[in-house]
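In: Next one to model:
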Amino acid sequence: MFANRGLEIKTRDQIDKMRVAGLLVGETLELLRAAARPGVTTGELDAIAEANIRDHGGIPSFKGYSHPPFPATICASVNDEVVHGIPGERVLTDGDIISIDCGAIVDGWHGDAAITVAIGEVADEVTELMRVTEAALWAGLAAARLGGRVTDISHAVEQYVHGQGRYGILEDYTGHGIGTEMHMAPNVPNFGRPGKGANLVEGLALAVEPMVTLGSKETDLLEDDWTVATIDGSMAAHFEHTFTITPDGHWVLTAVDGGAARLAELGVPFGGR
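Out: Numbering: from 1, shown residues only. Sure, this is the predicted structure:
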């Protein structure tokens with residue numbers, strides 16, 4: 001199929017190996033969720049992530065990635081920083097939110113996921129932003145079907161977000177294919193008409209990652225050449241999972257339970273093993 005040219009289609013055994021990497025990412029993010037509290041620095045969170053990944057036989061996907069080389073294991077993006085924030089000496093305070101993006105390689109296969117965590121008590125509109133962004137991710141996953149197309153996911157994400165209120169959806173940053181590399185074809189936008197793009201076939205693994213703001217969708221790249229922040233200073237949230245579709249249903253490779261609980265709530269068959 002022309003639309004699928006250049007895609008990496010995995011065997012069953014290769015998807016099983018991706019689950020090992022994905023589970024390590026999911027477990028690492030749960031450690032970070034528990035550790036993210038007022039008084040903790042983003043650098044301390046990074047150290048926890050690197051230690052856990054390496055202690056379990058993994059390699060951080062992000063460290064040394066691209067140019068300039070990314071210097072850390074996680075992306076730690078606080079408040080108006082949407083993605084790619086560099087961890088360091090910043091101390092988290094009550095009322096902050098932090099988006100933590102994490103990737104790991106195990107035996108040559110990648111997992112990639114992200115969560116946004118509230119630090120202490122945050123404003124109700126920020127809590128709702130986080131809920132909407134995470135729910136949009138799951139709406140996108142639920143819209144995927146074998147025989148469908150990539151933008152079926154994109155459309156579902158956009159429709160969910162816009163159905164909840166006036167939010168900005170980043171358009172310059174997208175989800176992506178994943179496997180033996182962290183970023184592969186196809187791109188998975190968070191907006192657009194359904195029925196376009198690559199075919200959703202067995203063995204294709206995708207990272208879906210809505211990035212949503214309380215204001216404008218427009219962003220700036222900061223002086224560190226990595227951190228992406230909202231142009232109007234509005235808060236932003238970011239959630240991501242790596243998933244695949246098996247003949248039995250969906251398998252969220254970076255969810256600790258494989259996505260079983262959330263998929264059941266959405267009426268989507270669980271295809272994990």
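
In: CA only for contacts and neighbour counts going forward, please
Out: Noted.

In: Output the longest helix belonging to the protein.
Out: helix 12-35 (DSSP state H).

In: Contacts for it, please.
Out: Helix 12-35 is contacted from outside by 45, 48-49, 52-53, 56, 58, 100, 102-107, 109-115, 117, 179, 203, 242, 253-256, using C-alpha atoms under 8 Å, 6 or more residues apart in numbering.

In: Against residue 221, how distant is the closest residue to residue 11 other than its chain neighbours?
Out: In this structure, residue 11 finds its nearest non-sequential neighbour in residue 203, 6.0 Å apart by C-alpha to C-alpha, 6 or more residues apart in numbering. Applying C-alpha to C-alpha, to the nearest Å, the value for residue 203 to residue 221 is 34 Å.

In: more crowded one of those two?
Out: residue 203 (19 against 15; other C-alpha atoms under 10 Å).

In: you'd agree the more buried one is in a helix?
Out: No - counting by DSSP: H, G, I helix; E, B strand; the rest coil, one finds residue 203 to be coil, located in no helix.

In: quick one: contacts for it?
Out: Contact analysis of residue 203 by C-alpha under 8 Å, 6+ apart lists 9-12, 15, 244-246.

In: Swap in 6 Å and give it another go.
Out: The contact partners of residue 203, by C-alpha atoms under 6 Å, 6 or more residues apart in numbering, come to 9-11.

In: From the residues you listed, pick the one nearest residue 74.
Out: Relative to residue 74, the closest of the contacts of residue 203 is residue 10; by C-alpha to C-alpha it sits at 26.2 Å.

In: what's the helix or strand for that closest one?
Out: Under the criterion DSSP states H and E, no helix or strand holds residue 10.

In: So, low pLDDT: which residues of the stretch 1-150 of the chain?
Out: 1-5 (pLDDT under 70).

In: residue ranges of the strands in it, please?
Out: Assigned by DSSP state E, counting those that start in this stretch, the strands in the stretch 1-150 of the chain fall at 59-60, 74-78, 81-83, 97-106, 109-118.

In: what helices or strands is the shortest one leaning on?
Out: Identification of packing neighbours for strand 59-60 by 3 or more C-alpha pairs under 6 Å, 6 or more residues apart in numbering; DSSP states H and E yields strand 97-106.

In: Would you indicate which residues of the strand it packs on are buried?
Out: For strand 97-106, a neighbour-count test (16 or more other C-alpha atoms under 10 Å) marks 97-106 as buried.

In: One more: stretch 82-99?
Out: 82-88, 92-93, 96-99.

In: Quick check, residue 41 in contact with residue 91.
Out: Yes - using C-alpha atoms under 6 Å, residue 41 is in contact with residue 91, at 4.2 Å.

In: Strands of the stretch 151-273 of the chain, residue ranges please.
Out: Secondary structure of the stretch 151-273 of the chain by DSSP E, counting those that start in this stretch: the strands cover 168-169, 175-177, 184-188, 205-208, 211-213, 219-221, 228-230, 236-238, 241-246, 249-252.

In: From residue 188, how far off is the closest residue to residue 50 other than its chain neighbours?
Out: Distance criterion C-alpha to C-alpha, 6+ apart; nearest residue to residue 50, sequence neighbours excluded, is residue 73 at 5.8 Å. For residue 73, the distance to residue 188 (C-alpha to C-alpha) stands at 23 Å.

In: do the same with residue 129
Out: Residue 129 is 21 Å from residue 188, where distance means C-alpha to C-alpha.

In: just residue 10 next, same as before
Out: The gap separating residue 10 from residue 188 is 18 Å, by C-alpha to C-alpha.

In: swap in residue 247?
Out: Distance of residue 247 to residue 188, given as C-alpha to C-alpha: 21 Å.

In: For the residue nearest the centre of the chain, name its beta-bridge partners.
Out: By C-alpha atoms, centre = their mean, the mean C-alpha position of the chain lies nearest to residue 240, the distance being 1.9 Å. Beta bridges link residue 240 to residue 114, judged by DSSP bridges.

In: Now do the contacts for it.
Out: Contacts for residue 240 (C-alpha under 6 Å, 6+ apart) come out as 113-114, 208-209.
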